[in-house]
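Q: Have a look at this prediction, sequence included:
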2 protein chains.
Amino acid sequence: MFDIFKQYLSERASLTDKEFGLIQSLSKENKIAKREFVLREGEVSRELLFITKGLLRLFRTDVKGNEYTLRFAIENNWMSDRESYLTGNPSNSNIEAIEDSGMLTWKKEDFDFLKKEIPALQQFMKILVTMHQITNQNRIYASISHSAEEKYLRFIEEHPSIFNRVPLHMVASYLGVTRETLSRIRRHAAHK
Amino acid sequence: MFDIFKQYLSERASLTDKEFGLIQSLSKENKIAKREFVLREGEVSRELLFITKGLLRLFRTDVKGNEYTLRFAIENNWMSDRESYLTGNPSNSNIEAIEDSGMLTWKKEDFDFLKKEIPALQQFMKILVTMHQITNQNRIYASISHSAEEKYLRFIEEHPSIFNRVPLHMVASYLGVTRETLSRIRRHAAHK
DNA sequence: CGATTCTTTGAAAACAGTCAATCTGTGTGG
DNA sequence: CCACACAGATTGACTGTTTTCAAAGAATCG
């Protein structure tokens, strides 16, 4: 499992074997079945996780029980509820496996320590945060400027590998429409 | 102008007078009238700016000329097009003054230097980015889960000092509805 | 005051949500 | 290995919301 992570990171930052060893020594491996949760609303997100296999989603629920998907993440991506992870407050989100998944996890304290010890890691995580910011900004722009159909078509185009692994009602909950509406959007978009 | 910034920052981080001096020595003061632009689409955002007075907004336009407001910022807040500022690519956004405004600006290189020299500044900017991330996450959640009326009522409640200084059609462009719809939402929300 | 910007209104059309029903595919237990 | 349950996807009919276009009413500023 760690070799997947090592592969990922060595393609994006240069770390010594010793540094990888340190990172590994503080990591924990974790496997989780489809439909199981990594984090539940009310819990504190104390760990950062890197997905080595599978697909997770971060979502919230409202009082009526509707689910809203904030983010999907597949293998070779990071996941956590940033807000809870960074503030230490109980999370208002859930993290659920959409497929059987494998991941590496680090306790926040340990990962903070690693960043301090390994400048290249710190630097890399900073870039990651930046890219995440840009992505979020663009999603906000899409949410106020694009029609539901545009959002759907862009989602397919920009995230094909997520799209074809995720049930449509979750895509709907990510785009901010009901599953019925998404179904009709698809029919409409299909014969063109 | 700088004293406003000094006041702001000294309430949030502890810096020596020497450090403030260094920050000031690399800053530039800038005044701008209502309706003038700090940044135009296509330009590169090379400067970070801190608003000492007034109100700016960051917005994009689509092919039809519609405007979409990504962010408002009043005095004692920072502004820049993060994406262009961080990547060095031409911006797809505009920054416009909604009121006559005053600001301090730093060239990116200079501010990067300041962060390196002044750990307390670096630390503070990191927290700022974190809070910004959380805000954006919550805005994304709102965009997929709340009705237009809910978004409007929350906007008033959470940003009263922005709301009563900004024309309604810009609030509409921030919420992702047309000005006509916002007008009707207001009428509807009023008699309750 | 006149011009511009901002806000509201009306009517019709487009779009999206709700509820109930049906259809499809998958997977698990007997 | 089949049957049945269940999760997922679609459809129809109806209701509610939002956009669009055109117009007109306030407010603000030089």
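A: Looks like it came in fine.

Q: all contacts plus neighbour counts: C-alpha atoms, from now on.
A: Noted.

Q: can you tell me if the helix or strand A:E150 falls within touches chain B.
A: Per DSSP states H and E: A:E150 is located in helix A:148-158. No - using CA under 8 Å from any CA of the partner chain, helix A:148-158 never reaches chain B; the gap is at least 11.0 Å.

Q: Tell me the helices and strands packed up against that helix.
A: helix A:168-175, helix A:179-190 (3 or more CA pairs under 8 Å, 6 or more residues apart in numbering or on different chains; DSSP states H and E).

Q: what's the helix or strand for the spatially most central residue of chain A?
A: Centroid-nearest residue in chain A, with CA atoms, centre = their mean: A:A73, separated by 3.5 Å. Counting by DSSP H and E, the element that carries A:A73 is strand A:67-74.

Q: Can you spell out which residues form a bridge with the residue nearest to the centre of chain A?
A: Note on A:A73: beta-bridge partners by DSSP bridges are A:L56.

Q: could you measure it against B:E29, distance?
A: Distance of A:A73 to B:E29, given as CA to CA, to the nearest Å: 43 Å.

Q: next one: phi and psi at A:I162?
A: phi -90, psi -50 (degrees, to the nearest 10).

Q: contacting residues around it?
A: By CA atoms under 8 Å, 6 or more residues apart in numbering or on different chains, the contact set of A:I162 is A:F72, A:A73, A:I74.

Q: ok, 7 Å please
A: Residues near A:I162 by CA atoms under 7 Å, 6 or more residues apart in numbering or on different chains: none.

Q: Check what pLDDT it gets.
A: Predicted confidence (pLDDT) for A:I162: 97.

Q: Distance-wise, check A:S45 relative to DNA strand C.
A: 29 Å (CA to the nearest atom of the strand, to the nearest Å).

Q: and if you look at A:E43?
A: For A:E43, the distance to DNA strand C - CA to the nearest atom of the strand - is 28 Å.

Q: Apart from its neighbours in sequence, what residue is nearest that residue?
A: Spatial nearest neighbour of A:E43, excluding adjacent residues (CA to CA, 6 or more residues apart in numbering or on different chains): A:P90 at 5.0 Å.

Q: and that neighbour, how many neighbours?
A: 17 (other CA atoms under 10 Å in any protein chain shown).

Q: One more: the one 4 residues further on?
A: A:N94: 23 surrounding residues under other CA under 10 Å.

Q: for DNA strand D, what are the nearby residues on chain A?
A: Neighbours of DNA strand D within chain A, by CA under 7 Å from any atom of the strand: A:166-170, A:179-184, A:186-187.

Q: what do you get if the cut-off is 10 Å, keeping everything else the same?
A: Counting by CA under 10 Å from any atom of the strand, chain A comes close to DNA strand D at A:34-35, A:98-99, A:144-147, A:163-172, A:178-188, A:190.

Q: Just the buried subset of those residues, please.
A: A:98-99, A:144-145, A:163, A:166, A:169-172, A:179, A:182, A:185 (16 or more other CA atoms under 10 Å in any protein chain shown).

Q: ranges for the helices of chain A?
A: Along chain A, the stretches classed as helices by DSSP state H are A:2-10, A:17-25, A:82-87, A:108-117, A:119-145, A:148-158, A:160-163, A:168-175, A:179-190.

Q: any idea how far the first one is from the chain center?
A: On the basis of CA atoms, centre = their mean, to the nearest Å, helix A:2-10 is displaced by 18 Å from the centre of the chain it belongs to.

Q: And the last one, by the same measure?
A: How far helix A:179-190 lies from its chain's middle: 26 Å, per CA atoms, centre = their mean.

Q: Quickly check: that helix near chain B or not.
A: No - with CA under 7 Å from any CA of the partner chain as the criterion, chain B is not reached by helix A:179-190; the gap is at least 12.9 Å.

Q: Other residues contacting that helix?
A: A:E149, A:H169, A:A172.

Q: In contact with the second one, which residues?
A: Read it as A:H169. Residues near A:H169 by CA under 7 Å, 6+ apart: A:R179.

Q: and with 10 Å instead?
A: Neighbouring residues of A:H169 by CA atoms under 10 Å, 6 or more residues apart in numbering or on different chains: A:E67, A:L175, A:V177, A:T178, A:R179, A:E180, A:T181, A:L182, A:S183.

Q: Equivalent analysis for the first one, please.
A: The contact partners of A:E149, taken as CA under 10 Å, 6+ apart, are A:F155, A:L175, A:T181, A:L182, A:R184, A:I185, A:R186, A:H188, A:A189.

Q: In terms of pLDDT, where does the second one sit?
A: This points to A:L175. pLDDT, A:L175: 98.

Q: how far away is it from B:Q133?
A: 19 Å.

Q: go on, the last one?
A: A:A189 is 33 Å from B:Q133, where distance means CA to CA.

Q: Kindly report the same for the first one.
A: Going from A:F155 to B:Q133 by CA to CA gives 22 Å.

Q: The two: which is more packed in?
A: Neighbours were counted for A:F155 and for B:Q133 using other CA under 10 Å; B:Q133 has more, 20 against 16.
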